[in-house]
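Engineer: coords below, sequence missing:
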Ligand SMILES: *Cc1c(COP(=O)(O)O)cnc(C)c1O
């Protein structure tokens, strides 16, 4: 499915002529962050607070569609207070990561899949979809320019945040006729502070995240805004995250905050994974798909089947469910230790991270670091020193 688009080594065969990749016009920062200051920031990167020197921007207009992308200094925007995106929420985003592979090299994990999902989210919100090749070119340009911002070491990466929103100044009730694409990046460490512990989760009985026919499968800002009140209530109950149930019967488990959920049945060689199916109310996580594939490639049985809250509770009581974990780009693999409901609480397994979550988490990290084979071509190489690399060719 994913085409290998790794940058070519300098001494590799000449690239075959093909359709020209989109050009990202470089307007580099005249005064980038001094190296000493950058290194200090990279020592303990906070999540989403310190951004790199650059960003990529592109604009959509009815006449030109998505025009040329520009790599430019990260800076505040000027826009009309009547911009549609601010008022009516025509806005979609993505989240994915680049990992360090040496002084001049990084890999971006499954960028084309994130580009396709951004396009799918855009369609749902009546936003013009950004072409996947423009998305990939923007990613390469930013990672290349800010490669020195990628922290080294386990659990560290560069988080990439694309967003597309309506910036046309009008308040009529129709989709906008002008959109802005931004690609930002920030260095990140571990999402959950406190190292590898199992989290406590609270089931939201009052609120729902997504309803059939709604926007649950789209990565849009409104889905997050709509979840924060429940997240605050869960925190008051002493939980780290909210468990979302289906909106119709309030019976089936859908997601954990902004992460997908997996249930482990059995132990050792007989362990099997179950994850809720993608029926339109669940965000189709790239990490979810990655873990399903990694597990199946290693002979593990994985089924996509509904899991009710009652199944979860009873499965834990009888020892049938041995582990539960959530996954997503930001927090990777996170074990669930304890479940709180209005009707009592229970512990999952021993209440600590289990061996299946540990094994899959280690496997995923090894794929990111290039210590495991990559038969599905998930790792997209960006090599600053290779003039034959795609982004290098475009500029030449
Ligand atoms: C982004 C997101 C996920 C995880 O998706 P990944 O592609 O694995 O990062 C899961 N659930 C929700 C609601 C999300 O917004």
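Structural biologist: Cool, the structure landed. Source: prediction; values computed, not measured.

Engineer: how many neighbours does residue 82 have?
Structural biologist: When neighbours are counted by other CB atoms under 10 Å, residue 82 registers 12. C-beta here means a position set from N, CA and C on the backbone, and glycine is covered the same way.

Engineer: How about residue 320?
Structural biologist: 13.

Engineer: can you offset everything so residue one is 59?
Structural biologist: Got it, the first residue is 59 from now on, which makes the last one we talked about residue 378.

Engineer: That one contacts residue 322, doesn't it?
Structural biologist: No. With contacts counted by CB atoms under 8 Å, residue 378 stays clear of residue 322, the gap being 9.8 Å.

Engineer: Enumerate every residue touching the residue nearest the centre of the chain.
Structural biologist: By CA atoms, centre = their mean, the chain has its centre lying nearest to residue 153, at 3.4 Å. Residue 153 makes contact with 172, 217-219, 277, 387-388, according to CB atoms under 8 Å, 6 or more residues apart in numbering.

Engineer: interface residues of this protein facing the ligand?
Structural biologist: Contacts of the chain with the ligand, taken as CB under 6 Å from any ligand atom, map to 153, 277, 313, 316-318, 341, 343-346, 386-387.

Engineer: try it again with 5 Å
Structural biologist: For the chain, the residues in contact with the ligand (CB under 5 Å from any ligand atom) are 316, 341, 343-345, 386-387.

Engineer: from those, which ones fall inside helices?
Structural biologist: Residues of the residues of the chain next to the ligand located in helices (DSSP state H): 344-345.

Engineer: what two of the residues of the chain next to the ligand are the furthest from one another?
Structural biologist: 316 and 344 (12.7 Å; CB to CB).

Engineer: what sits against residue 350?
Structural biologist: Listed by CB under 8 Å, 6+ apart, the contact set of residue 350 reads 331, 333, 360, 362.

Engineer: got it, and residue 229?
Structural biologist: Residue 229 makes contacts with 140, 142, 145, as judged by CB under 8 Å, 6+ apart.

Engineer: roughly how far apart are it and the ligand?
Structural biologist: Note on residue 229: its distance to the ligand, by CB to the nearest ligand atom, to the nearest Å, is 28 Å.

Engineer: which residues of the protein fall in helices?
Structural biologist: Under DSSP H, the chain gives helices at 93-101, 142-146, 169-182, 190-203, 279-283, 286-294, 344-355, 367-375, 413-427, 448-453.

Engineer: shaky segments in the stretch 309-454 of the chain?
Structural biologist: 445-454 (pLDDT under 70).

Engineer: circling back: now, among the contacts of residue 350, which is nearest to the ligand?
Structural biologist: Nearest to the ligand among the contacts of residue 350: residue 333, at 11.4 Å, using CB to the nearest ligand atom.
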